[in-house]
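Colleague: Build me a model:
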Amino acid sequence: MKIWIDADACPRVIKEIVFRASERLQIPVDLVANKGLAKHETKLIRSIVVQDGFDVADDYIAEHAAPQDLVITADIPLAARVVAKGGVALDPRGELYSEENIGERLAMRDLMTELRSGGMALGGPAQFSLTDRQRFAASFDRLITKLHKGLRP
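Modeller: Numbering: from 1, shown residues only. Now for the predicted structure:
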């Protein structure tokens, strides 16, 4: 089992929660981004820098993540690709992407993109909050415990 982080937009506090769990459970973590990432003092955490370009990091994760891995991403199309492969994806705000909810999430994302491009809606997601961090930590802890034992969520 491995944890993959779509690192370009993942909040630092989420990465820190994952790093602590990685050390505690001895689970490797791969951070994937198209820009340089901070070095880590442990062999469990690896930074992978891909070429700059639209969805290059997402493509790398989707290609390399295995069904028993956990992918942490706010990118709904990437999450859909992971779920379609039988993998597990978790939003940095603590929502588990599943076969049951990914279609709805993609449709809502597309609708909001269309509304924003037509000037009918403004802005994006709310600022990341303490409640988001707590929700992620609780969801991540439950999920990583199951996955580490070889169970599916």
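Colleague: Tell me the first helix or strand C-terminal of the helix or strand bottoming out on mean pLDDT in the chain.
Modeller: Ranking every helix and strand in the chain by mean pLDDT, DSSP states H and E puts helix 102-117 at the bottom, with a mean of 76. Sequence-wise, the next helix or strand downstream of helix 102-117 (DSSP states H and E) is helix 130-148.
Colleague: quick one: average confidence on that following helix?
Modeller: Mean pLDDT, helix 130-148: 95.
Colleague: what helices or strands is the least confident helix or strand of the chain leaning on?
Modeller: On a contact count with 3 or more Cβ pairs under 8 Å, 6 or more residues apart in numbering; DSSP states H and E, helix 102-117 meets helix 76-84. Where C-beta positions appear, they are placed from N, C-alpha and C, glycine not excepted.
Colleague: picking up where we left off before, please identify the buried residues of the least confident helix or strand of the chain?
Modeller: Using 16 or more other Cβ atoms under 10 Å as the test for burial, helix 102-117 gives 102, 105.
Colleague: Can you list the low-confidence ranges for the protein?
Modeller: Low-confidence segments of the chain, defined by pLDDT under 70: 109, 112, 116, 121-124.
Colleague: got the CA coordinates for stretch 134-153 in PDB?
Modeller: Extracted in PDB, the C-alpha atoms of stretch 134-153 (Å, rounded to 0.1, in the frame of the first residue of the first chain):
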ATOM      1  CA  GLN A 134     -10.600  18.000  11.500                       C
ATOM      2  CA  ARG A 135     -12.900  16.300   9.000                       C
ATOM      3  CA  PHE A 136     -10.000  15.200   6.900                       C
ATOM      4  CA  ALA A 137      -8.100  13.900   9.900                       C
ATOM      5  CA  ALA A 138     -11.100  11.800  11.100                       C
ATOM      6  CA  SER A 139     -11.900  10.400   7.700                       C
ATOM      7  CA  PHE A 140      -8.200   9.700   6.900                       C
ATOM      8  CA  ASP A 141      -7.700   7.900  10.200                       C
ATOM      9  CA  ARG A 142     -10.700   5.600   9.700                       C
ATOM     10  CA  LEU A 143      -9.700   5.000   6.000                       C
ATOM     11  CA  ILE A 144      -6.000   4.400   6.500                       C
ATOM     12  CA  THR A 145      -6.700   2.000   9.400                       C
ATOM     13  CA  LYS A 146      -9.000  -0.100   7.100                       C
ATOM     14  CA  LEU A 147      -6.600   0.000   4.100                       C
ATOM     15  CA  HIS A 148      -3.600  -0.800   6.200                       C
ATOM     16  CA  LYS A 149      -5.400  -3.900   7.400                       C
ATOM     17  CA  GLY A 150      -6.100  -4.800   3.700                       C
ATOM     18  CA  LEU A 151      -9.800  -4.000   4.000                       C
ATOM     19  CA  ARG A 152     -11.800  -1.900   1.500                       C
ATOM     20  CA  PRO A 153     -13.700   1.200   2.700                       C
END
